[in-house]
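> Here is the input, now give the coordinates:
(chains A, B and C)
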Amino acid sequence: MHNILELEDISKHIQGSQIINQVSLSVIEGEIHALIGPNGAGKTTLFNLITGKFRPSDGKIFFQGKRIDHASIHQIARKGLARSFQITNIFTGMSVYENMRNAIVARYKYDLKIWRLLKGMRFIDETTQQFLNRINLADLSQEKAGTLSYGHQRALEMGITMALDPQLVLLDEPTAGMTAEETSAIVDLIRQITKNKTLVIVEHDMDVVFKLAHRISVLHHGEILATGTPKEIKQNRQVKEAYLGGFFE
Amino acid sequence: METILNFYPVLILHGLVYGMLIFLVASGLTLTFGMMDILNFSHASVYMIGAYFCYQIIIWSQNFWIALIIAPFICGLIGILIERIFIRKVHAKGHVNELLLTFGLALVIAEIVEWIYGSAPLPVPTPVLLQGSWALWANVEYPVYRIFILGLSASVLCLLFYLFKRTRLGVSVRACVQDGEMANALGTNVSFVYLAVMAIGSWLAGVGGVIVAPYMSVYPNMFADMILDCFIVIAVGGLGSLAGALLASLIVGQIQSFGVILLPQISLALTYMLMMVVFIIKPTGLFGGKE
Amino acid sequence: MRRNLTILLWATVVLLALLCPFFLPRYQLYLLAEVMLYAIYAISYYLLLGQTGILSFGHAAYFGLGAYTTALCLIHLPVMPVLASIFAGSLCGLLGGLLVGAFLLRLSKFYLALGTLAFAQLLWAIAWTWRGLTGGDDGLIGWAGHKIAFPFLGSLGISNMLVLYYLILCFSVGAILLCWFFTRTPLGNTLACLKSNSDRAQFLGTNIYQAKFILFGYSAFIAALSGSLYTLLTKMVSPKVFDMETSFDVVVISVIGGYTKFAGPILGSFLYVYLREYLAEVTARWQLIMGIIFISIVLYYPDGLIQLFESGFKRINRSLRQSNA
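Below is the predicted model:
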């Protein structure tokens, strides 16, 4: 059992303000690790730092033992680290099918090929269809992604991320804005498709967090307050003080 | 030996004159981008309209000063009209559409100008008061008119500086450049500020047009030459930065001035090369931060 | 069904084009050759603007590189077959495109549009100043007597309009097919992703810079081909091939025809050449009218005039399907 992701003293300042302050975090391979904290704590910034969108002002990030803090976004994604977005970030002008296919093409590293027609690649079509079935969007495959309902868009958002077959998945508030039904459907989906993978999930819905997570890290004002099992976090005094108990009742 | 001593100061002055001229036009362009995220290819056309109005008003009134006062205000108005009538319709559809539209506008304006005035350059007489040259220092004589350009643009520059640093409008403008939404939330009348910036930018371009008319004559392709220089200045100085635009204008002015004399073969290419160099070293320009 | 109809339509167009010399006078053939030239130029631009959403104001750079390279080959290397000199021109354009890509492709929209314009202007300045190589302002002439050796037909001169017409027709069909193929490759799809959501494409693992780099090269290659053919058609070359008007022409053509659909630039070339020809007879202000049409299309009909054809096409398709049912 080793750490698939390690953050060592990661700091980030933007225009004078310290957004992330000496964050150290380890994610064990195979676990579901939840990242919680109030809005503005820096959770999405942390994701941006890990996935290469931001460069840390200080500190190191290791993925599968190799440093990635200076790697570019696509390099990190290619290494097997994929993320989904809090604000749905799909190809709105393209159909659901095309959206999924984009991920599959990239996953098989065919995205820059110019010697063959895309249409003729049967295994790409088959894999695309497979994934659409898994996320239950197969019957909407010809619809333009921008016209889907919010819940379906979120499912597609996650589906595209998973279609890359990453070893480490970062999900940024996958259940944001969902009804109770939609939430439980998404949680089932998450459980299914992250079976042999490591998952780091940012969530506000505490039910989801306690249902899924093996371990939880609490982020507050850009610093890690505590890391531990759900039971440990519930009993942690610092965490309780930070949220005046409201979080965990 | 004497001629060399005289030579360089004159070249520097030439460079300053041209640099300030570019700055007058480029300042408006970089502000409207920095604040309103508008890429306006037709900004230099307003400059050209200012120049042709100068020509026309002088024909009617024989008086350069009247042109100097009236034409920039007409240009300010035209700038506002362009924004209201055309840019507004397209802004939401993205930068590509905006660039295409303002590009089309620039072409059409150039065509209209050519229709009315023909394609040959039209000379504009220098006002009587500003003819001749002054002896600046030992053996260096310099045309009065160009000194006037320097003086006028320096005054306009001071006016701008005062406006931005000391007046409420200036503070609002700077707030809007930083974060338009926030400024709105804090009670600034953002629409009014946008209007003001558009108007002032176009007014400045108009001033530039009027004062360049006696200096370099008016011709229908002057918008193209100016937009290219503006773009280079803004690219080098950074989109949205007035300070950057000023510094870059001065640099470009000097390069053009010295380049034409010292390296005539590649003088045309020098400013482009400058731009390419800057793009390589710092893609967002010397002072730029916005992408 | 729709696909078959499209193929039928294009086959008809090509067939008509093949038959034109039998019933059109020489002058009309020249115009059609120009249309095809512009079509190649514009379809190479489609790969940038329509497919990937990249606005370039300096596409003339590659057109000019192709034109001058071919001209220089024809003048200084008379032993080189004409077709090889065309290829040399395209190759030179390719290199130019890769050069531009290497420096400029990380820039955002505005800087890219201007950077490309600056590059084209730089080439214009060089062509204008380097009289020794390019003849400067006067340009170059002197290859009208060249001949091309064909397998069964023997040696035919390039001053023969018929030869030129069919040559350009072959090249334009080839170039258009190449570009069509390009849009259907995985890279073509990736470029469409870049246009739709470049951010997400990166997070999928796509090296967007490499993708754009290849695109720049490909697009420049095809654009230079049109420049080389221009040299053959007009029998002369001057710095005009690099100037702003040449860069702006392709933008106008693309927008009027419709820059988001593949067939748009082809329609645009057709309209542009004929409008220029016949409007110019009516009024000296034809460019003004073009400009007004351009603005109107950007404002009110942004998908371009090809939309009219598309709607008509859909209607025909629907009625055909209904009559089959």
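> all helices for chain C, in order.
Secondary structure of chain C by DSSP state H: the helices cover C:2-19, C:26-46, C:60-76, C:82-104, C:109-129, C:131-134, C:161-184, C:186-203, C:208-234, C:244-257, C:263-282, C:286-300, C:306-324.
> who touches the first one?
For helix C:2-19, contacts defined as Cβ atoms under 8 Å, 6 or more residues apart in numbering or on different chains pick out C:L32, C:M36, C:L169, C:V173, C:F313, C:I316, C:N317, C:L320. Where you see a C-beta, it was placed from the backbone N, CA and C, and this is true even at glycine.
> Near chain C, which residues of chain B? Just list them.
B:33, B:39, B:86, B:89-90, B:93, B:95-97, B:99-101, B:103-105, B:107-108, B:111-112, B:115, B:224, B:228, B:231-232, B:235, B:239, B:265-266, B:268-269, B:272-273, B:275-276, B:279-280, B:283-284, B:291 (Cβ under 8 Å from any Cβ of the partner chain).
> Drop anything exposed from the residues you listed.
B:33, B:39, B:86, B:90, B:95-97, B:99-101, B:103-105, B:107-108, B:111-112, B:224, B:228, B:231-232, B:235, B:239, B:268-269, B:272, B:275-276, B:279, B:283-284 (16 or more other Cβ atoms under 10 Å in any protein chain shown).
> Return the distance of A:M100 relative to A:R107.
According to Cβ to Cβ, to the nearest Å, A:M100 stands 11 Å off from A:R107.
> should've said A:H204
Where A:R107 is concerned, A:H204 sits at a distance of 30 Å (Cβ to Cβ).
> Between those two, which is the more surrounded one?
A:R107 (21 against 15; other Cβ atoms under 10 Å in any protein chain shown).
> Excluding sequence neighbours, find me the nearest residue to that one.
A:L164 (4.9 Å; Cβ to Cβ, 6 or more residues apart in numbering or on different chains).
> Touching, that neighbour and A:A82? I think so.
Yes: the criterion here is Cβ atoms under 8 Å, and A:L164 meets it with A:A82 at 4.6 Å.
> Please say which of those two ends up with more neighbours.
A:A82 (28 against 21).
> residues contacting the closest residue to chain A within the stretch 1-150 of chain C?
Minimum separation of the stretch 1-150 of chain C from chain A (Cβ to the nearest Cβ) falls at C:G53, amounting to 10.5 Å. Residues near C:G53 by Cβ under 8 Å, 6+ apart: B:V96, C:L194, C:K195.
> hmm, 10 Å instead?
B:G94, B:H95, B:V96, C:K109, C:L191, C:A192, C:L194, C:K195, C:S196, C:S198, C:Y259, C:T260 (Cβ atoms under 10 Å, 6 or more residues apart in numbering or on different chains).
> want to try TSV for those residues, with distance to B:Q56 as columns?
Listed next are the contacts of C:G53 as TSV, based on distance: Cβ to Cβ, whole Å:
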residue	distance to B:Q56
B:G94	37
B:H95	34
B:V96	35
C:K109	36
C:L191	49
C:A192	50
C:L194	48
C:K195	45
C:S196	48
C:S198	47
C:Y259	37
C:T260	41
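> Let's see stretch C:234-246 as CSV, backbone CA atoms only.
Extracted in CSV, the C-alpha atoms of stretch C:234-246 (Å, rounded to 0.1, in the frame of the first residue of the first chain):
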residue,chain,number,x,y,z
THR,C,234,-0.7,35.2,-64.1
LYS,C,235,2.9,34.7,-65.3
MET,C,236,4.1,37.2,-62.9
VAL,C,237,4.7,37.8,-59.2
SER,C,238,5.1,40.9,-57.1
PRO,C,239,5.1,41.9,-53.4
LYS,C,240,1.4,42.2,-53.8
VAL,C,241,1.1,38.5,-53.0
PHE,C,242,2.2,39.3,-49.4
ASP,C,243,0.2,42.4,-48.9
MET,C,244,-2.7,43.1,-46.5
GLU,C,245,-5.2,43.0,-49.3
THR,C,246,-4.3,39.4,-50.1
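> ok now it, how far from the chain's centre?
How far stretch C:234-246 lies from its chain's middle: 14 Å, per Cα atoms, centre = their mean, to the nearest Å.
> That stretch near chain B anywhere?
Yes: Stretch C:234-246 reaches chain B (Cβ under 10 Å from any Cβ of the partner chain) through C:D243, C:M244, C:E245.
> quick one: buried residues of that stretch?
Counting neighbours by 16+ other Cβ under 10 Å, the buried set in stretch C:234-246 is C:T234, C:K235, C:M236, C:V237, C:S238, C:P239, C:K240, C:V241, C:F242, C:D243, C:M244, C:T246.
> Could you report the separation of the residue of chain A found nearest chain B from B:L186?
Of all residues in chain A, A:Q15 sits closest to chain B, at 9.4 Å by Cβ to the nearest Cβ. Plainly put, A:Q15 is 19 Å away from B:L186 if you go by Cβ to Cβ.
> Looking at the two, which is more packed in?
Between A:Q15 and B:L186, counted using other Cβ under 10 Å, B:L186 has the larger neighbour count: 11 against 6.
> got the phi/psi numbers for A:P38?
phi -70, psi 170 (degrees, to the nearest 10).
> Please tell me how far C:W10 sits from A:N236.
If you go by Cβ to Cβ, the gap between C:W10 and A:N236 works out to 70 Å.
> Who are the contact partners of the residue in the stretch 1-150 of chain C positioned nearest to chain B?
Distances between the stretch 1-150 of chain C and chain B by Cβ to the nearest Cβ are smallest at C:A125, namely 3.5 Å. C:A125 sits next to B:Q265, B:I266, B:S267, B:L268, B:A269, B:L270, B:T271, B:Y272, B:M273, C:P239, C:F242 when contact means Cβ under 10 Å, 6+ apart.
> B:Y162 is in contact with B:G170, correct?
Yes: B:G170 is within contact range of B:Y162, at 7.9 Å (criterion: Cβ atoms under 10 Å).
> what about stretch C:216-233 and chain A, any contact?
Yes: judged by Cβ under 10 Å from any Cβ, stretch C:216-233 and chain A are in contact via C:Y218.
> That stretch vs chain B: in contact?
No: under the criterion of Cβ under 10 Å from any Cβ, chain B is not reached by stretch C:216-233; the shortest gap measures 14.9 Å.
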